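**Student:** got a predicted structure here, sequence first:
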Amino acid sequence: TMIQNMAPMKPHGDYPLLESLKMLGQRIEAKYAVSRAAHIIAMSCFVRDFLLSEWHIPAARISLVYFGSPPVPATLLRPASVPEGLSGKCFFSAGSLEPYRGTEDILYAVSELKKRGKNVKALIAGVARKTVAAYERKLRAIAADEGIEENVLWLGALSKEEMDWCYSRCTAFIMTSRVEALAVVTLEALSHGCLCISVDNPPLPEAFGEAALYYPTGDGRLLADKIAGVLGLTTEERTSMAATARLQAAKFSWDTTAVKTIKVFRAVVSGNLPV
């Protein structure tokens with residue numbers, strides 16, 4: 001078995017009561033499945049360490065297999081909600097609008113930068129499920145209260161080509177999530193050579209490595225400092241950071257993922273464990 005979503009395992013954010021109960025059920029079900037599994041594939045060291053320390057799964061029953069980073073496509077499509085000609089000082093974030101994503105960090109950072117006289121745009125992709133629609137309303141209320149409604153573009157659900165356009169055109173990609181199993185968007189951003197800014201909680205440093213600038217979780221002011229730092233980079237520095245991102249992405253290979261997964265399957269079938 002494999003845990004691909006750590007949000008129910010390590011709850012973060014203000015969820016409605018019914019949604020919290022649902023996540024509790026998911027957590028109980030996942031623990032039951034893991035306890036009965038012959039073997040578990042962990043997507044990151046963070047997931048593996050959680051299984052070891054909190055669910056006390058024997059190390060011999062866990063294998064670490066990272067997902068791979070995607071190839072960079074040739075087809076790009078500007079989202080209809082992005083004005084034609086928009087360029088420069090655009091910071092992109094993507095992921096479902098969930099309380100555990102911590103998207104409010106971006107809004108407070110944009111507000112702080114505006115107070116400093118730096119007018120940036122935040123391109124935020126993703127939608128909220130009906131059960132957490134209140135979180136999206138909260139985000140929009142923050143933008144209104146902070147006077148940055150014109151600085152935030154809510155892109156909604158994007159196609160792959162639209163996501164690729166945003167990765168390719170943004171000044172930097174920002175990751176604010178409080179908990180992930182690994183987060184495929186991190187690998188997508190790296191493969192596009194994005195300059196990346198991320199919260200410092202695991203497993204994000206595990207994915208980004210040295211290819212990101214980090215800020216303390218929940219600190220919009222320090223996130224603003226990191227964004228300001230990116231705005232001040234020279235062309236040579238940006239080129240160097242983009243190269244570092246692509247090198248980091250290359251460490252996550254789908255070929256390696258396939259080989260290791262097949263190895264795990266064969267070991268489980270043959271009883272030749274650990275792998």
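**Tutor:** Yes, it's here. Numbers count the residues shown, from 1 in each chain.
**Student:** most centrally placed residue in this structure?
**Tutor:** Closest to where the C-alpha atoms of the chain average out (C-alpha atoms, centre = their mean) is residue 183, at 4.5 Å.
**Student:** pLDDT score assigned to that residue?
**Tutor:** Model confidence at residue 183, given as pLDDT, is 89.
**Student:** hmm, it is touching residue 204, no?
**Tutor:** Yes: counting by C-beta atoms under 8 Å, residue 204 is a contact partner of residue 183 at 7.0 Å. Where you see a C-beta, it was placed from the backbone N, CA and C, and this is true even at glycine.
**Student:** please enumerate the shared neighbours of these two.
**Tutor:** Residues touching both residue 183 and residue 204 (C-beta atoms under 8 Å, 6 or more residues apart in numbering): 175, 177.
**Student:** need the strands for the stretch 51-200 of the chain, in chain order.
**Tutor:** In the stretch 51-200 of the chain, the strands defined using DSSP state E, counting those that start in this stretch lie at 62-64, 90-94, 121-125, 152-156, 172-175, 196-199.
**Student:** the closest residue to residue 253 other than its chain neighbours: neighbour count?
**Tutor:** Distances taken as C-beta to C-beta, 6 or more residues apart in numbering place residue 68 nearest to residue 253, at 5.1 Å, with adjacent residues excluded. Residue 68 has 18 neighbouring residues, counting by other C-beta atoms under 10 Å.
**Student:** mind listing what residue 68 touches?
**Tutor:** Neighbouring residues of residue 68 by C-beta under 8 Å, 6+ apart: 187, 252, 253, 254, 255, 256, 257.
**Student:** do that again at 10 Å, thanks
**Tutor:** The contact partners of residue 68, by C-beta atoms under 10 Å, 6 or more residues apart in numbering, come to 184, 187, 191, 249-258.
**Student:** equivalent analysis for residue 1, please.
**Tutor:** The contact partners of residue 1, by C-beta under 10 Å, 6+ apart, come to 30, 33, 34, 35, 36, 37, 38, 39, 40, 41.
**Student:** and the second one, its phi and psi?
**Tutor:** Listed backbone geometry of residue 33 is phi -60, psi -40, with angles given as degrees, to the nearest 10.
**Student:** same thing with the fourth one?
**Tutor:** Residue 35 has phi and psi values of phi -70, psi -30 when expressed as degrees, to the nearest 10.
**Student:** touching, the residue nearest to the centre of the chain and residue 196? I think so.
**Tutor:** No: in this structure, residue 183 is not within contact of residue 196 by C-beta atoms under 10 Å, at 11.4 Å.
**Student:** anything in contact with each of these two?
**Tutor:** What both residue 183 and residue 196 touch, as defined by C-beta under 10 Å, 6+ apart, is the set 175, 189, 204, 207, 208.
**Student:** if any of those are buried, give me the PyMOL selection for them.
**Tutor:** Buried residues among the shared contacts of residue 183 and residue 196 (16 or more other C-beta atoms under 10 Å), as a PyMOL selection:
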select buried, resi 175+189+204+207+208
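**Student:** OK, contacts around residue 153?
**Tutor:** Applying C-beta under 10 Å, 6+ apart, the residues near residue 153 are 79, 81-83, 86, 90, 92, 121-125, 166.
**Student:** beta partners for it?
**Tutor:** Beta-bridge pairing for residue 153 (DSSP bridges): residue 123.
**Student:** check what pLDDT it gets.
**Tutor:** 96.
**Student:** please name the residues that touch residue 251.
**Tutor:** Going by C-beta under 10 Å, 6+ apart, residue 251 touches 66, 68, 69, 187, 190, 207, 209, 211.
**Student:** and the residues you listed as CSV, adding distance to residue 5 and pLDDT?
**Tutor:** Shown next, in CSV, are the contacts of residue 251 (distance: C-beta to C-beta, whole Å; pLDDT from 0 to 100):
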residue, distance to residue 5, pLDDT
66, 16, 96
68, 19, 95
69, 19, 93
187, 16, 96
190, 21, 97
207, 15, 96
209, 23, 96
211, 24, 97
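**Student:** ranking by neighbours, what's the top pick from those?
**Tutor:** For the contacts of residue 251, the largest neighbour count, defined by other C-beta under 10 Å, is 31 neighbours, found at residue 207.
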